[in-house]
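J.: below is the sequence, then the predicted model.
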Amino acid sequence: MSGPPPPQRVPADAEQARGHVADARHLLEATIARASSFTEDDCNRRVDDEWSTVESLRHIVFVVDVWLGRAIKGEADPFHPMGIPPQFVPRVLPGSSIDPDGSPTFDEACQALRGRLASLDAYVDALGPDELSREIGTLAKDVAGGLGVIFDELTFHNAFINRDLDKIERVRA
């Protein structure tokens, strides 16, 4: 049985990590701007049993929290209450502040995500020469791999949000 695929966007150095963060931020800000032209109901609408835009944003918050906060920085409870884990992880992590039953607005989810992206920016901006190779004891193995998971997840979920917004637009047209 094979494990999850290795991350694709593993930075080779701090400059590449900063570039990946900038790229992800640009994509997500464009998506947020696009989604802000939709109604709150549309941003909370599930398409084909996939997460809604708001749920996807909440999941991205979780991704940054679990990989940057917990795996890379070693924080005991780095979790924003609105983050939601993937389906293969318990809905409530023991000892965490996650509230999977919360119902934040689109704007609240965007605010939380922007806060997490700012933390990611600050971390990557301060990367020292040996930090990327520091082992973190996860499947990602080291900081570079952990960042690669974050960059992949940001990119993939951004694409999922836009795919679903496309479908909502077609139905509304």
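T.: Thanks, I have the structure now.

J.: pLDDT at the residue nearest the centre of the chain, what is it?
T.: Per C-alpha atoms, centre = their mean, the C-alpha nearest to the average position across the chain is that of Ile60, at 2.4 Å. On pLDDT, Ile60 comes in at 97.

J.: right, and it touches Asp152 too?
T.: No - between Ile60 and Asp152 there is no contact under C-beta atoms under 8 Å: 11.5 Å. All C-beta atoms are positioned from the backbone trio N, CA, C, and that covers glycine.

J.: please list all residues in contact with Arg34.
T.: 162, 165 (C-beta atoms under 8 Å, 6 or more residues apart in numbering).

J.: what's the distance between it and Cys110?
T.: Remark: distance between Arg34 and Cys110 (C-beta to C-beta, to the nearest Å) = 12 Å.

J.: from the chain's centroid, how far away is the helix or strand hosting Asp166?
T.: Per DSSP states H and E, Asp166 falls inside helix 143-172. Centroid separation for helix 143-172 versus its chain: 9 Å, with C-alpha atoms, centre = their mean, to the nearest Å.

J.: how about it: buried residues?
T.: Buried residues in helix 143-172, counting neighbours by 16 or more other C-beta atoms under 10 Å, are found at 143-155, 157-158, 160-162, 164-165, 168.

J.: how close does Glu40 sit to Leu57?
T.: Where Leu57 is concerned, Glu40 sits at a distance of 13 Å (C-beta to C-beta).

J.: which of those two has more neighbours?
T.: In terms of neighbours (other C-beta atoms under 10 Å), Leu57 is the more surrounded of Glu40 and Leu57; the figures are 31 against 11.
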